[in-house]
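Asker: Structure for this input, please:
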Amino acid sequence: MNFSSSTDDQSSEPVQAHSAHATTIANAERLRDLSPAQWKSGVAAWLGWLFDGLDMHLYTLVALPFVAELLRVETSDPNVGAYTAYIQAAFLFGWAIGGAFFGRIGDKLGRSRALVLTILTYAVFTGLSFVATEWWHLLIFRFLAALGIGGEWAVGAALLSETWPRRWRPWLAAVLQSGVNVGIMLASLAVLVLSGFPPRTVFLVGILPALLTLWIRRAVPETDDWHAAKAAHGAAEPGIADLFRGEVRRTTLLSIGVCALSLSAHWAFVFWSAQQLRSLSEVAAWTPAEQSRLVSNAMSLLMITSIAGNFFAAWLARRIGYRASIAALCLVYAGAMLVTYGTARDYRQILWMWPILGASSGLFALFTMYLPPLFPTLLRTTGAGFCYNIGRIAAAVGTLFFGLYSRVSDFRMALFYTGFVFIPAGLLALLLPSPPDEQLPPTELSPTE
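Answerer: The predicted model follows:
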């Protein structure tokens, strides 16, 4: 009895502080109502995601020429596609592990500390890719960089969902996901600017995010939600196994299913569509620099339309809910893939379809703010990170399939069949639970100046 009272006394002050802060967050009506701590959390999460996108896609844009250089063969050599696939599969596998590992770190040590660790991890190992002299060196560096990239997703999403008003979540998701899109555009710009240099040079750009961690560690405080939950639970904290117990289990399994299917199809498109552009007959005869410029410009087009898709997805979620929005966008993505790759097209015809594909990818912005609140506070980054990033394992298998069983000269049919994978993802999304804040009226959901 005395032990229980002592525990209650120790936890009452943090819980009361959390309640007061939660009220402040809930009452914020405009951007100017937010506190400096909330702004710092928002900027840290957005920049973390921006550099996430930068380091994530540097390899995608130079994969074929860099791997060919490491293998000391021409890009048309059949082994190039296979080893490119091995490296990307290792990256996606590391992403899945990092999502679960750093998600757990985020629940144990706090969101701010975990954010620093994830960014340092992907910055250091992306930079080290520059010194790779064998293909397996690059595989190891990409795997280790992916640990941080996968972990940053869950930590950044939890940090923002716990510090900013709940009713703004769909718009926050769009803004946060747009950070990734901007990062990918910066990666495309880096490849364009450095197109006259060896492909490995672009990885030096990936070191820049390490500088961000110095500011985050000093300026970004830990969330009150996390402090309150730690005080309330004491030593009896939930573990990963609790994701598969009780009422949480159904949410975990459905989330894994939706994420695994949709991410597998999405990553097959994002990675191999760039390689397909390079391998088109009219493009294959171009110089490597000309090919890099085409891929860079094409990826910029995709990211610009993806940003628009993020905000469209947020608008749609406020009208019909998260589940229906995810399902609808999966079906649109599927249809666009089938039309784009259902018949042979030149690169100009393909690029006319990419805006639709880019806008459809706005569905992944919804996962950002939708998944974390579905789990208890001390399972929030663990649950969201595990469920979202475990889909990378399925994506890794799909990437290997592409690399091993598709001819380098024809990725089109594999991309076509991949479009069908979005259909079961959309159907499963309809079975997911709704977060409580989805019931808020649309008029209360947009922050204004």
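
Asker: mind checking how far Pro170 is from Arg348?
Answerer: As judged by Cβ to Cβ, to the nearest Å, Pro170 and Arg348 stand 35 Å apart. In short, each C-beta sits where N, CA and C put it, glycine included.

Asker: In terms of packing, which of these two has more residues around it?
Answerer: Of the pair Pro170 and Arg348, Pro170 is the one with more neighbours under other Cβ atoms under 10 Å, namely 29 against 8.

Asker: what are the phi and psi values for Gly342?
Answerer: phi -70, psi -20 (degrees, to the nearest 10).

Asker: same thing with the one 3 residues further on?
Answerer: For Arg345, the backbone dihedrals (degrees, to the nearest 10) come out as phi -140, psi 160.

Asker: From Met353, how far off is it?
Answerer: Remark: distance between Arg345 and Met353 (Cβ to Cβ) = 8 Å.

Asker: and the longest helix seen in the chain, which residues are buried?
Answerer: In the chain, taking DSSP state H as the definition, the longest helix is helix 36-71. Residues of helix 36-71 classed as buried by neighbour count (16 or more other Cβ atoms under 10 Å): 37-38, 40-42, 44-71.

Asker: same question, stretch 76-87
Answerer: Neighbour-count burial for stretch 76-87 [16+ other Cβ under 10 Å]: Val80, Gly81, Ala82, Tyr83, Thr84, Ala85, Tyr86, Ile87.

Asker: Please apply the same query to stretch 313-333.
Answerer: 313-318, 321-333.

Asker: Counting by contacts, list what the helix or strand hosting Tyr83 packs against.
Answerer: Using DSSP states H and E, Tyr83 falls within helix 78-109. Secondary-structure packing of helix 78-109 (3 or more Cβ pairs under 8 Å, 6 or more residues apart in numbering; DSSP states H and E): helix 36-71, helix 111-128, helix 135-161, helix 248-279, helix 380-389, helix 391-405.

Asker: Where among these is average confidence lowest?
Answerer: By mean pLDDT, the lowest-scoring of those turns out to be helix 391-405, with a mean of 67.

Asker: one step back: from the buried residues of stretch 76-87, which shows the smallest pLDDT?
Answerer: Gly81 (79).

Asker: That residue against Arg278, yeah?
Answerer: No: in terms of Cβ atoms under 8 Å, Gly81 does not count as a neighbour of Arg278; the distance is 10.9 Å.

Asker: Just give me the residue closest to the centre of this protein.
Answerer: By Cα atoms, centre = their mean, the chain has its centre lying nearest to Trp153, at 5.6 Å.

Asker: thought it was touching Gly385?
Answerer: Yes: using Cβ under 8 Å, Trp153 is in contact with Gly385, at 6.6 Å.

Asker: pLDDT weak spots in the stretch 151-300 of the chain?
Answerer: Applying pLDDT under 70 to the stretch 151-300 of the chain flags residues 233-237, 239.

Asker: switch to 80 and redo it
Answerer: Residue ranges of the stretch 151-300 of the chain with pLDDT under 80: 153-154, 156-158, 160-162, 164-170, 214, 217-219, 221-241, 271, 275, 288.

Asker: The longest helix of the chain vs helix 248-279, what angle?
Answerer: 50 degrees (axes from the mean of the first three to the mean of the last three Cα atoms, to 10 degrees).

Asker: Tell me the spacing between Ala114 and Thr126.
Answerer: 19 Å.

Asker: more neighbours, these two?
Answerer: Thr126 (31 against 26).

Asker: ok, now which ones touch that one?
Answerer: For Thr126, the contact set (Cβ atoms under 8 Å, 6 or more residues apart in numbering) comprises Asp55, Leu58, Phe141, Ala145, Phe203, Gly206, Ile207.

Asker: The closest residue to it other than its chain neighbours - how many residues pack around it?
Answerer: Spatial nearest neighbour of Thr126, excluding adjacent residues (Cβ to Cβ, 6 or more residues apart in numbering): Gly206 at 3.1 Å. Burial of Gly206 is recorded as 26 neighbouring residues (other Cβ under 10 Å).
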